[in-house]
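> Here's my sequence, what's the structure:
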Amino acid sequence: MGWPRATAPAWPVHAVLVGLALAAGTAYALAGPELRIVVFTAVTTVPVITYLLALGAGHLTDRLPWLAAVAGLGFLSLGQVLWPNWIPDHHLGRAEGAPTDLVMASAHLLFLVGTATALRRHGRKDPGGLIDAALFGLCAAGPLWVWLIGPNLGPEATPLGETLVLSDVLVLSAVLGCVIRIGTTARKARGPLAYLMLSGALTLACDVVSVLTVHGSSVWTAQMMMLAYLTLAAAPVLPSAPWVTQPVPGKVIARHPPLGWLAAALCANPLIAAIQAAQGDRPASVVLPVSTMLVIPVVLLRLHLLSSQRARAERTLVHQAHHDELTGLFNRRHIVTQIDEAMLALDRGELTEVTLLLCDLDGFKPVNDRYGHQAGDLVLQTVAHRLTGAVRPQDAVGRLGGDEFVVLLRGEHTRDGQPVADRINELLRAPIEVAGDTVRIGASIGTATAWPGDGADRENLIARADAAMYAVKAGLREARPVTVAGPV
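Numbers count the residues shown, from 1 in each chain. As a prediction, this is how the structure comes out:
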């Protein structure tokens, strides 16, 4: 039996999840200590099973991130088998730094690596948004620790235990922010992303509740943790799960938070530290400097991203200002500037001569009329490529508009005694594949050359080349009709 398609309804998954959650929660609440361990252990294996089934059925096409998630889940299940009393005996909220704390932190790290790998393609399309979301998450972890977790840690807490709990809170907060951000743009993956978000939020809530209820019952902590496992298990089963690693093609259109919100988030931890220092009634929490140190590289990454985006935008604007959009050649304004610079170099004696070639295509209009403007654009792009290949690096090629081109040659330009105009004519006469057919075009090329001391300027040079081009075109009309376009 095949896996449900992406268009299949998701309500059966939701119904099974609700049923399992009610059954597991009720069984745990009513069971005795020994049976509770069995119920909790059974629930921890459910996501491992669903992930392996989805991978085995080929439902999850991008295997690497899901395998990393399975490894993390397997690590959690192993820890539950080795230390079955860890949750029932309320060790989760004590921050003792025991092996179980280390196993849980390592398992969460593995699963988060898998989640980050799965979401990496979404991140390529919206890097700034994800960095902003991670910043909000990291900044939110400070108040959470200072107001709820840190003050309620008992005497059993050790520096290692506090560090492990702190790392869990910081990483979960950052990843939650990223998942929420991706959920706002990846519409097709919102179902599984919602389950991943809910699982992370429940795990983060477990860290808080376990500390607040460390001297009371562990039932609430265990039930929340089981619900986190079950929501995690539902994510790969949903028909839309493959879209988590396969973003929809196209640009991401999403708003970025105002800079004022980012500034307020970044000021949260320093403000709390200042309040603690002013009160002087308890030592400042270690989370504030740690989270601030984690925020600094993220902020630097965001600034680097903004700087790179601005540099790319400036390069794009410069290119667009100097180049023709269709062919990539210099536009009229820039090629005129290049001619002026060449004439100045000629006057200074830096060049021995400057030659200008004006090229007007022959037979282009019939191609455009017969095959359409898209075919005409292809012909113009091909002509631009051939013109560029016919000249040297120090020369310049531009498009004046329509089917008119200009070639600027700096210095002597003959190659094996063959003028550049003849070489260009040979290249342009080569067949061009257009709309499944083959066409040929030609060009009327007018040439004008300036030498030092002859008193020529840019306008004079262009006028002479223009006159020569029209003389060539008139000669072609007298010699024979120009019908060079059409199938070969």
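
> what's the domain layout of this protein?
Split into domains by automatic domain parsing, the chain comes to 11-317, 332-479.

> For residue 323, find the nearest of these.
Among these, the nearest to residue 323 by Cβ to Cβ is domain 332-479 (7.3 Å). In short, each C-beta sits where N, CA and C put it, glycine included.

> With mean neighbour count, mean pLDDT and distance to residue 325 added, can I get the domains of the chain in a markdown table?
Shown next, in a markdown table, are the domains of the chain (neighbours: other Cβ atoms under 10 Å; pLDDT from 0 to 100; distance: least, Cβ to Cβ, whole Å):
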| stretch | mean neighbour count | mean pLDDT | distance to residue 325 |
| --- | --- | --- | --- |
| domain 11-317 | 18 | 79 | 11 |
| domain 332-479 | 17 | 88 | 10 |
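
> is it possible to export these to CSV including distance to residue 324?
Shown next, in CSV, are the domains of the chain (distance: least, Cβ to Cβ, whole Å):
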stretch, distance to residue 324
domain 11-317, 15
domain 332-479, 4
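
> Skip ahead from the lengthiest helix in the chain and say which helix or strand is next.
Criterion DSSP state H: the longest helix present in the chain is helix 287-322. Of the helices and strands lying after helix 287-322 in sequence (DSSP states H and E), the nearest is helix 332-347.

> Show me what that next one is packed up against.
helix 287-322, strand 354-362, strand 396-401, strand 404-410, helix 458-479 (3 or more Cβ pairs under 8 Å, 6 or more residues apart in numbering; DSSP states H and E).

> Residues contacting it, please?
For helix 332-347, contacts defined as Cβ atoms under 8 Å, 6 or more residues apart in numbering pick out 321-323, 329-330, 351, 353-354, 356, 396-401, 406, 408, 410, 450-452, 456-458, 461-462.

> rewinding a little: tell me the angle of the longest helix of the chain relative to strand 396-401?
Helix 287-322 runs at 70 degrees relative to strand 396-401, counting by axes from the mean of the first three to the mean of the last three Cα atoms, to 10 degrees.

> still on that earlier bit, quick one: closest of the helices and strands packed on helix 332-347 to residue 113.
Closest of these to residue 113 is helix 287-322, at 16.8 Å (criterion: Cβ to Cβ).

> I'd like to know which elements that closest one is packed against.
Counting contacts by 3+ Cβ pairs under 8 Å, 6+ apart, helix 287-322 packs against helix 127-144, helix 159-185, helix 259-279, helix 332-347.

> repeat that with 7 Å
Packing partners of helix 287-322 (3 or more Cβ pairs under 7 Å, 6 or more residues apart in numbering; DSSP states H and E): helix 127-144, helix 159-185, helix 259-279.

> Ramachandran angles for residue 93?
phi -90, psi 10 (degrees, to the nearest 10).

> What distance do you get for the closest residue to it other than its chain neighbours to residue 146?
Of all residues beyond its chain neighbours, the one nearest residue 93 is residue 210 (3.2 Å), with distances taken as Cβ to Cβ, 6 or more residues apart in numbering. With distances taken as Cβ to Cβ, to the nearest Å, residue 210 is found 17 Å from residue 146.

> For the residue lying closest to residue 108 once chain neighbours are set aside, give its distance to residue 271.
Using Cβ to Cβ, 6+ apart and skipping the chain neighbours, the partner closest in space to residue 108 is residue 168 (6.0 Å). According to Cβ to Cβ, residue 168 stands 24 Å off from residue 271.

> tell me which element residue 60 falls in.
Secondary structure from DSSP H and E places residue 60 outside every helix and strand.

> Does it touch residue 242 like I think?
Yes. Counting by Cβ atoms under 7 Å, residue 242 is a contact partner of residue 60 at 6.4 Å.

> which SS class is residue 375?
Under DSSP: H, G, I helix; E, B strand; the rest coil, residue 375 falls in the helix class.

> which residues does it contact?
Going by Cβ atoms under 7 Å, 6 or more residues apart in numbering, residue 375 touches 367, 434-435.

> measure it to residue 436 for me?
Distance of residue 375 to residue 436, computed by Cβ to Cβ: 10 Å.

> Next: residue 69.
Plainly put, residue 69 is 49 Å away from residue 436 if you go by Cβ to Cβ.

> Repeat that for residue 227.
According to Cβ to Cβ, residue 227 and residue 436 sit 61 Å apart.
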